[in-house]
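Chemist: Sequence below, structure please.
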Amino acid sequence: MRLFYYVHTGHRIGLDRFRRAATIIRALGDVDITLLTSDFRIAHECKDFGVKRSVGIDVVRNIPQIAQHGDKIIFDSDEMNPTMHQDMVNFFSTFIRVTDDPDAVQLDGELLISPYLEGEGICKGVAVDDKYFEQTPKTIEKSFFFGDDDYEEDLLANADMFAQLEMDLIVGFYYFLDYEEKLAPSFAARYEFEEYDEVVQGSKVFVTSSPQAALENLASGGRPIYIQRPDYVRDFIPLFETLNIPVVDGFDTSKLMLCFNSISSHDYHQLKQTTQKIAEFLKKRLYL
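Modeler: Presented below is the predicted three-dimensional model:
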């Protein structure tokens, strides 16, 4: 009986779920687990994120080609229709779903990890690595991380707006050849993908469309501002309201400037450190 962790990721949807999966896998410690990803490139890079074994499977329907009936899985994806969802719960002896949907419904036989829900077989929490809760000096005034995916080149289309805001840029993992050079004139400085942790932890004000990055910066004592992309689900908005993280819909320069002007007095709420709670829940439910 084997243990898998499936995560939906890729150049069109970013790495938020993957970053969360890597955080949870690291928190589990020396557990024999195989990460399945819907993207072959990130599967090849997993060791750099502390994940020992990973397999790219292209689409969620390929999971039964890797796993066997009765195996166990942690599942982080919104790809399933109701029929596939029930089939997956029946296929695995233990099916644990990670969900951000405030209205998620727990099926008979499945377990949930959620920032909103509570009850039998549910662990309420968010997975942010312990390292982000270590308070570090804030040496970067304002930085921007759109996310790892910008397939439609939205940043370039809004270059004039970003030039007015005078922020530093963290380059995403899936950016394409020469795209960084095109963006350079619109930002005060540029950091490569490998410097992600240092910038997230070292930024006083951190503007991002990555929900995971916003939580990581808040944990480190920063002041995140979340830009809600029109192509992203709004599942994190209730959580950000609870944490009092400012949310700006789309590329709205005036609203961003208002956030900047009031950010020093803005009262953020503390993010609880629940990753170890999630790890203990998994160990108990998976009999690890």
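Chemist: Count the residues that sit near the residue nearest to residue 139 when sequence neighbours are not counted.
Modeler: Excluding its sequence neighbours, the residue lying closest to residue 139 (CB to CB, 6 or more residues apart in numbering) is residue 202, at 5.1 Å. To be clear about C-beta, it is placed using only N, CA and C from the backbone, and glycine gets the same treatment. Around residue 202 sit 19 other residues, with neighbours defined as other CB atoms under 10 Å.
Chemist: now the one 5 residues further on
Modeler: Neighbour count for residue 207, taken as other CB under 10 Å: 26.
Chemist: ok, residue 220 - contacts?
Modeler: Shown in contact with residue 220 (CB atoms under 8 Å, 6 or more residues apart in numbering): 132, 133, 134, 135, 136, 200, 201.
Chemist: And the nearest residue to the fifth one once chain neighbours are set aside, how far from residue 247?
Modeler: Yep, that's residue 136 we're talking about. On the basis of CB to CB, 6+ apart, the spatially nearest residue to residue 136 that is not a chain neighbour turns out to be residue 201, at 4.6 Å. Per CB to CB, to the nearest Å, residue 201 is found 22 Å from residue 247.
Chemist: Also residue 122?
Modeler: Counting by CB to CB, the gap from residue 122 to residue 247 is 26 Å.
Chemist: higher neighbour count, those two?
Modeler: More neighbours sit around residue 122 than around the other of residue 122 and residue 247, counting by other CB under 10 Å; the figures are 19 against 16.
Chemist: Please name the residues that touch that one.
Modeler: Contacts for residue 122 were tallied using CB under 8 Å, 6+ apart; they are 106, 111, 112, 113, 114.
Chemist: Residue 74 now?
Modeler: Taking CB under 8 Å, 6+ apart as the criterion, residue 74 is in contact with 3, 4, 5, 6, 21, 24, 96, 97, 98, 282.
Chemist: for it, helix, strand, or coil?
Modeler: Classification of residue 74 into helix, strand or coil gives strand, according to DSSP: H, G, I helix; E, B strand; the rest coil.
Chemist: Likewise for residue 205?
Modeler: In the three-state summary, residue 205 is assigned as strand, counting by three-state DSSP.
Chemist: in the stretch 1-150 of the chain, which spans are strands?
Modeler: Along the stretch 1-150 of the chain, counting by DSSP state E, counting those that start in this stretch, strands occupy 3-7, 34-37, 54-56, 72-76, 94-98, 110-114, 122-124, 140-145.
Chemist: Mind giving me the packing neighbours of the third one?
Modeler: For strand 54-56, the elements it packs on are strand 34-37, helix 40-44, judged by 3 or more CB pairs under 8 Å, 6 or more residues apart in numbering; DSSP states H and E.
Chemist: ditto for the last one
Modeler: Secondary-structure packing of strand 140-145 (3+ CB pairs under 8 Å, 6+ apart): helix 159-165, strand 168-170, helix 196-202, strand 203-208.
Chemist: Mind giving me the packing neighbours of the second one?
Modeler: Taking 3+ CB pairs under 8 Å, 6+ apart as the contact definition, the neighbouring helices and strands of strand 168-170 are strand 140-145, strand 189-191, helix 196-202.
Chemist: Now that we have those, can you turn them into CSV and tack on distance to residue 178 and mean pLDDT?
Modeler: What follows is those, written out as CSV (distance: least, CB to CB, whole Å; pLDDT from 0 to 100):
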stretch, distance to residue 178, mean pLDDT
strand 140-145, 19, 96
strand 189-191, 13, 95
helix 196-202, 21, 97
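Chemist: Output the ones you listed in CSV, with distance to residue 41 appended to each entry.
Modeler: As requested, the helices and strands packed on strand 168-170 are arranged in CSV below (distance: least, CB to CB, whole Å):
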stretch, distance to residue 41
strand 140-145, 19
strand 189-191, 21
helix 196-202, 16
